[in-house]
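[1] Just a sequence and a predicted model for now, questions to come.
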Amino acid sequence: MDFVTLAGSLDAREPGTYLHENDCMKLKFYGTRGSIPICDAGFQQFGGNTTCLQITFTDTNRIAIIDAGTGLRDLGRDLRAIGHKQEQIFIGFTHFHWDHIQGFPFFAPAYDPGQKITLLTLGRDQTVRNLREIFEVQMQAQYFPVQLDHMGANFEFLQVTDASKHFTGINNVETVVTAQRHNHPGGAYSFRVERKGQVLVICTDVEHGEQIDPRLVELARGADLLVHDAQYTAEELQKRRGWGHSSFDQAMQLAEMAGVKRLALTHHDPEHDDEFLDRIEKSCRERFPNTVLAREGMEIAIWEAT
């Protein structure tokens, strides 16, 4: 059964797992919504939590996290439920708008005194000067009952310019991470993760402008899976210039230009309900057959597609 057939068989209550015997990375969506969480009845199939992704390195059973939207709460709960133990958990950030950090105060491992958590920014030309301060501010007493220093875990705040050098050699397997700054209010970053010949690219909260960003085309070149922002239709995008997001058409165009194998669209607009997104998914597959719209709980194995 291929990628699209599997996606087409998904049930709203069964978000699905794409498995492959040769995978060494697996991606799970814990938050697929953009801008603000939503819980209305018509928004259950694709999910209402904001951006949070879990990467599992299946050969070592270690995880890394991208962004800390409201989906991070469920991620932390799942880690506890399965008894996952990992001395150090990395949370990498594409950027720090509310919908990408607001789940952090509800992340259960952050209250464990035996847990080390590294909050990480990657890439050149960073504008953040004090990473710790971002999380201290949102957890001030005026906003939240528990302050950062009282959570319990051992926090490390790390800003890395050359991501590749930082990650090469983990667990005696070369893991190359490349970060590319892209257009978004305040700045944001896309990531390319390469391990054992398999390539995952995450590109969210990006506004291409009149032309697809050629740097992101190169970042995504030949990826086995591209996860891309697709918050708007082409018509909506015309009215939301400068808001920092992409259309479904732009995401597919980048996938075509970069020659990626599979495409997962995410950062769904809070106005787009399940019925609307179902229609969009069918339409996108007519142009780029190996496309799926991300659903909360969906897992996709990263394997070298042929």
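    Cool, the structure landed.
[2] quick one: pLDDT of Asn171?
    The confidence metric pLDDT takes the value 59 at Asn171.
[3] what are the ranges of the strands in the protein?
    Using DSSP state E, the strands of the chain run over 17-18, 25-31, 52-57, 62-66, 88-92, 116-122, 154-160, 175-182, 188-195, 198-203, 225-229, 263-266, 291-293, 299-302.
[4] Out of the ones you listed, which gets nearest to Asp99?
    Closest to Asp99 of these is strand 25-31 (C-beta to C-beta; 8.3 Å). The way it works is simple: take the backbone N, C-alpha and C, and place the C-beta from them, glycine included.
[5] Sheet-wise, list the partners of that closest one with their directions.
    According to DSSP bridges, strand 25-31 has the following sheet partners: strand 52-57 (antiparallel), strand 299-302 (antiparallel).
[6] Would you mind putting those into JSON lines with mean pLDDT alongside?
    Putting the strands paired with strand 25-31 into JSON lines (pLDDT from 0 to 100) gives the following:
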{"stretch": "strand 52-57", "mean pLDDT": "96"}
{"stretch": "strand 299-302", "mean pLDDT": "94"}
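[7] and these as JSON lines, adding distance to Gly244 and mean neighbour count?
    Compiled in JSON lines, those are given as follows (distance: least, C-beta to C-beta, whole Å; neighbours: other C-beta atoms under 10 Å):
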{"stretch": "strand 52-57", "distance to Gly244": "18", "mean neighbour count": "23"}
{"stretch": "strand 299-302", "distance to Gly244": "25", "mean neighbour count": "23"}
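[8] Cys52 against Ile63, yeah?
    No. The criterion here is C-beta atoms under 8 Å, and Cys52 misses it with Ile63 at 11.9 Å.
[9] Quick one: end-to-end length of stretch 82-101, please.
    Between the opening and closing residues of stretch 82-101 we find a distance of 24 Å, counting by C-alpha to C-alpha, to the nearest Å.
[10] Let me see the mean pLDDT of it.
    In this model, stretch 82-101 carries a mean pLDDT of 96.
[11] What residues sit buried inside that stretch?
    When neighbours are counted by 16 or more other C-beta atoms under 10 Å, the buried residues of stretch 82-101 are found to be 89-97, 99-101.
[12] now stretch 196-216
    By neighbour count with 16+ other C-beta under 10 Å, stretch 196-216 contains the buried residues 196, 198-208, 212-213, 216.
[13] any idea how far Phe191 lies from Val206?
    Per C-beta to C-beta, to the nearest Å, Phe191 is found 12 Å from Val206.
[14] and the strands paired with strand 25-31 as a markdown table, adding distance to Lys116?
    As requested, these are arranged in a markdown table below (distance: least, C-beta to C-beta, whole Å):
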| stretch | distance to Lys116 |
| --- | --- |
| strand 52-57 | 17 |
| strand 299-302 | 25 |
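[15] TSV for the strands of the chain, including distance to Gly76?
    Written out in TSV, the entries for those read as follows (distance: least, C-beta to C-beta, whole Å):
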stretch	distance to Gly76
strand 17-18	20
strand 25-31	9
strand 52-57	10
strand 62-66	10
strand 88-92	10
strand 116-122	10
strand 154-160	15
strand 175-182	23
strand 188-195	21
strand 198-203	20
strand 225-229	21
strand 263-266	20
strand 291-293	25
strand 299-302	17
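[16] With respect to Val146, which of the ones you listed lies nearest?
    Proximity of these to Val146 was assessed by C-beta to C-beta; the nearest stretch is strand 154-160, lying at 13.3 Å.
[17] ok, the closest residue to Arg124 other than its chain neighbours to Asn183 distance?
    By the measure of C-beta to C-beta, 6 or more residues apart in numbering, the closest residue to Arg124 outside its immediate chain neighbours is Thr161, 5.4 Å from it. Applying C-beta to C-beta, one obtains 20 Å for the distance of Thr161 from Asn183.
[18] ditto for Phe276
    26 Å.
[19] now do Val227
    According to C-beta to C-beta, Val227 stands 18 Å off from Asn183.
[20] Helices along the stretch 151-300 of the chain, start to end?
    Using DSSP state H, counting those that start in this stretch, the helices of the stretch 151-300 of the chain run over 163-167, 214-219, 234-239, 248-258, 274-287.
[21] deepest of those helices, which one?
    For those, ranked by mean neighbour count under the definition mean count of other C-beta atoms under 10 Å, the leader is helix 248-258 at a mean of 21.
[22] so what's Thr178 bridging to?
    Partner residues in beta bridges with Thr178, using DSSP bridges, are Arg192.
[23] re the thing from before, can you list the helices of the stretch 151-300 of the chain in a markdown table and add distance to Met25 and mean pLDDT?
    Rendered in a markdown table, the data for the helices of the stretch 151-300 of the chain read as follows (distance: least, C-beta to C-beta, whole Å; pLDDT from 0 to 100):
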| stretch | distance to Met25 | mean pLDDT |
| --- | --- | --- |
| helix 163-167 | 13 | 58 |
| helix 214-219 | 17 | 98 |
| helix 234-239 | 31 | 94 |
| helix 248-258 | 18 | 98 |
| helix 274-287 | 24 | 98 |
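[24] Kind regards, and thank you for your time.
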